[in-house]
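>>> Here is my input; please provide its structure:
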Amino acid sequence: MKNSKNYIKELLILIVIFVISSASFNWIMNPYGIFNSPEIEKINQLKPEFFTHLRLAKAWAVYKHKPDGIILGSSRSEFGLDPNHSEWNTQSVYNLGLSGANMYEVLRYFQHAHTIKPQKQVILGVDFFMFNIFASNHADFDESNLAMNPKFYSANKLFTLISIDTIWSSIKTLLKQTEVKFSYLSNGQLHWTNYIRTVRKQGGHTQFFLLTEEEHMNNTWLNKPRKQYSFVHPKTGESTLKYFCRFLEIAYRDDVDLRLLISPSHARLWEALYSVGLWPQFEQWKREMVRINAEQANKYGKTPFPLWDFSGYNSFTTEKVPLLGDTNTEMKWYWEASHYNKILGDLVLYRIFGEHTTANDFGKLLESKNIEQQLAKIRIEQQDYRVSVDH
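Predicted structure coming up:
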């Protein structure tokens with residue numbers, strides 16, 4: 001009996017030592033940037049696990065920074081839109097873009113930031129793929145990581161500090177201080193030099209374009225296993241348009257300065273979208289954006305939020321792509337078909353904040369009175385682009 005008691009006592013001591021040691025190690029390594037531990041060069045300065053636990057890491061970054069302005073959307077917003085741009089009219093801005101985010105995730109992260117601190121100015125990059133009801137929440141999305149959860153701060157942070165998953169992330173952080181695939185700035189923006197290495201690794205811009213277009217055609221727009229695109233779930237009736245509507249309701253109700261934009265992906269991506277038969281849905285999606293925006297503005301007695309369309313075919317989105325096999329030429333505006341770079345992103349921000357760019361065809365305001373005209377204009381520009389490419 002005495003030996004059994006001693007064994008249990010020793011086991012409990014070992015467990016306590018393990019928990020304390022693990023918590024201390026996780027706090028020091030701070031793999032997700034959650035804790036206020038010091039950054040030590042070649043030890044924990046680089047955060048390779050920030051990307052693999054993006055939704056957790058950015059949720060806590062918002063709590064830590066408490067910005068009154070945010071950027072929302074997918075990785076296109078993460079790469080291209082600068083929180084430190086000169087035209088912002090807020091004290092602190094954080095890039096809360098989330099790679100692969102759907103509209104529900106975007107809505108919840110807006111509510112998260114707005115709960116922590118009322119948002120004064122918000123930019124939302126809306127992307128067509130985000131509105132597919134069959135696009136599941138990302139694997140690292142967890143409602144308990146958001147401030148609307150009553151136990152967000154205490155239980156969530158403590159669990160992260162002692163979890164086995166965090167231990168593995170801490171070990172990876174220590175071992176991968178020289179090979180970070182995606183590095184984030186303290187303001188939440190993906191560092192634009194990340195893709196320079198990726199472009200070279202993929203064999204140049206054109207090869208990267210082809211890979212991106214194939215991924216969108218096979219997975220991004222038509223998610224497995226259904227291979228369908230719809231705003232509304234046929235069985236449950238759940239609608240991604242309702243998430244967008246709820247987003248606008250909050251912004252109108254709380255007098256948020258919201259600017260909406262459709263990302264300026266390369267013309268080749270729009271050609272890929274057309275090739276999989278989704279162009280009619282793409283146009284209908286734009287109509288729905290305009291309709292919902294107008295309805296919510298009318299409901300609250302306000303002017304509709306500006307909705308800027310940078311998609312389609314213009315002097316930027318039709319930038320010439322290097323020949324296949326050319327690994328030396330660097331494109332001015334794009335990494336591949338989906339993602340534009342910060343240089344073009346700065347022009348986007350100038351445009352939506354009221355400054356003119358050097359090209360009048362870059363960015364069109366979509367409104368109830370001009371939506372059909374703008375859709376028709378893009379169809380004409382589409383045909384012109386195809387003729388120019390063929391020649």
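>>> next SSE after the strand or helix carrying Glu288?
According to DSSP states H and E, Glu288 maps onto helix 279-299. Under the assignment DSSP H and E, the closest C-terminal helix or strand after helix 279-299 is strand 307-309.
>>> Now do the SS call for the residue lying closest to Asn102 once chain neighbours are set aside.
Leaving aside its chain neighbours, Asn102 sits nearest to Ala135 (4.4 Å; criterion: Cβ to Cβ, 6 or more residues apart in numbering). For the C-beta atoms, the positions are set from N, CA and C on the backbone; glycine is no exception. Under DSSP: H, G, I helix; E, B strand; the rest coil, Ala135 falls in the coil class.
>>> give the contact list for Ala135.
Neighbouring residues of Ala135 by Cβ atoms under 8 Å, 6 or more residues apart in numbering: Asn102, Phe129, Asn223.
>>> Per-residue pLDDT of Asn223, please?
Per-residue pLDDT puts Asn223 at 75.
>>> Which helix in the protein has the most residues?
Looking across the chain with DSSP state H, the single longest helix is helix 2-29.
>>> before we move on, which element is Ala61 in?
Secondary structure assignment for Ala61, by DSSP H and E: helix 54-65.
>>> by contact count, what packs against that helix?
Other elements packing on helix 54-65 under the criterion 3 or more Cβ pairs under 8 Å, 6 or more residues apart in numbering; DSSP states H and E are strand 93-95, helix 103-116.
>>> Switch the ones you listed over to JSON lines, and while doing so, append mean pLDDT to every line.
Output for those, formatted as JSON lines (pLDDT from 0 to 100):
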{"stretch": "strand 93-95", "mean pLDDT": "97"}
{"stretch": "helix 103-116", "mean pLDDT": "97"}
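>>> Pick the most deeply packed of these.
Mean neighbour count (mean count of other Cβ atoms under 10 Å) peaks for strand 93-95 among those, with a mean of 25.
>>> so what strands line up beside that strand?
Strand 93-95 pairs in its sheet with strand 69-72 (parallel), by DSSP bridges.
>>> In PDB, please show the C-alpha coordinates belonging to the strand it pairs with.
The C-alpha trace of strand 69-72 is given here as PDB (Å, rounded to 0.1, in the frame of the first residue of the first chain):
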ATOM      1  CA  GLY A  69      -9.500  49.600 -38.400                       C
ATOM      2  CA  ILE A  70      -9.200  46.200 -40.100                       C
ATOM      3  CA  ILE A  71      -8.800  44.600 -43.500                       C
ATOM      4  CA  LEU A  72     -10.900  41.500 -44.100                       C
END
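>>> Quick one: mean pLDDT over it.
When pLDDT is averaged over strand 69-72, the result is 98.
>>> what's the distance between the helix or strand following that strand and the middle of its chain?
Next along the chain after strand 69-72, taking DSSP H and E as the criterion, comes helix 75-80. Once both centres are worked out by Cα atoms, centre = their mean, to the nearest Å, helix 75-80 turns out to sit 6 Å from its chain's centre.
>>> pLDDT on helix 75-80, on average?
Across helix 75-80, the average pLDDT comes to 93.
>>> ok, and what's touching the helix holding Glu288?
By Cβ under 8 Å, 6+ apart, helix 279-299 touches 126, 128, 131, 229, 231, 241, 244-245, 248-249, 252, 260, 262, 273, 303-305, 307, 309, 366-368, 371, 375.
>>> Spit out the contact partners of the most centrally placed residue in the chain.
In the chain, the residue lying closest to the centroid (Cα atoms, centre = their mean) is Ser74, at 2.4 Å. Shown in contact with Ser74 (Cβ under 8 Å, 6+ apart): Gly97, Leu98, Ser99, Gly100, Ala101, Gly125, Asp127, Phe129, Met130, Ser263.
>>> Neighbours of the fifth one, how many?
Residues within reach of Ala101, counting by other Cβ atoms under 10 Å, total 29.
>>> picking that back up, tell me what the longest helix of the chain is packed against?
Helix 2-29 makes packing contacts with helix 154-162, helix 164-175 when contacts are defined by 3+ Cβ pairs under 8 Å, 6+ apart.
>>> Need the winner for burial among the ones you listed.
Greatest burial across the helices and strands packed on helix 2-29, using mean count of other Cβ under 10 Å, falls to helix 164-175, with a mean of 17.
>>> mind checking how far the helix or strand following it is from the chain centre?
As assigned by DSSP H and E, the chain's next helix or strand after helix 164-175 is helix 194-202. Centroid displacement of helix 194-202 relative to its chain, using Cα atoms, centre = their mean, is 19 Å.
>>> average pLDDT across helix 194-202?
On average, helix 194-202 scores 79.
>>> so what secondary structure elements neighbour it?
Counting by 3+ Cβ pairs under 8 Å, 6+ apart, helix 194-202 packs on helix 205-215.
>>> which strands and helices sit next to the helix it packs on?
Judged by 3+ Cβ pairs under 8 Å, 6+ apart, the packing partners of helix 205-215 are helix 194-202, helix 267-275.
>>> per-residue pLDDT, the residue nearest to Asn102?
88.
>>> And Ser4, by the same measure?
Value listed for Ser4 in the pLDDT field: 69.
>>> can you check Val276 too?
On pLDDT, Val276 comes in at 93.
>>> I figured it was touching Trp221, is that so?
Yes - using Cβ atoms under 8 Å, Val276 is in contact with Trp221, at 6.3 Å.
>>> Between these two, point out the one with more neighbours.
Trp221 (22 against 14).
>>> quick one: that one from Lys157, how far?
As judged by Cβ to Cβ, to the nearest Å, Trp221 and Lys157 stand 37 Å apart.
>>> swap in Lys151?
Going from Lys151 to Lys157 by Cβ to Cβ gives 10 Å.
>>> before we move on, back to that, what angle sits between the longest helix of the chain and helix 164-175?
For helix 2-29 against helix 164-175, the angle by axes from the mean of the first three to the mean of the last three Cα atoms, to 10 degrees is 50 degrees.
>>> ok now helix 2-29, how far from the chain's centre?
Counting by Cα atoms, centre = their mean, helix 2-29 is centred 40 Å from the centre of its parent chain.
>>> What of stretch 339-358?
Distance, centroid of stretch 339-358 to centroid of chain: 17 Å (Cα atoms, centre = their mean).
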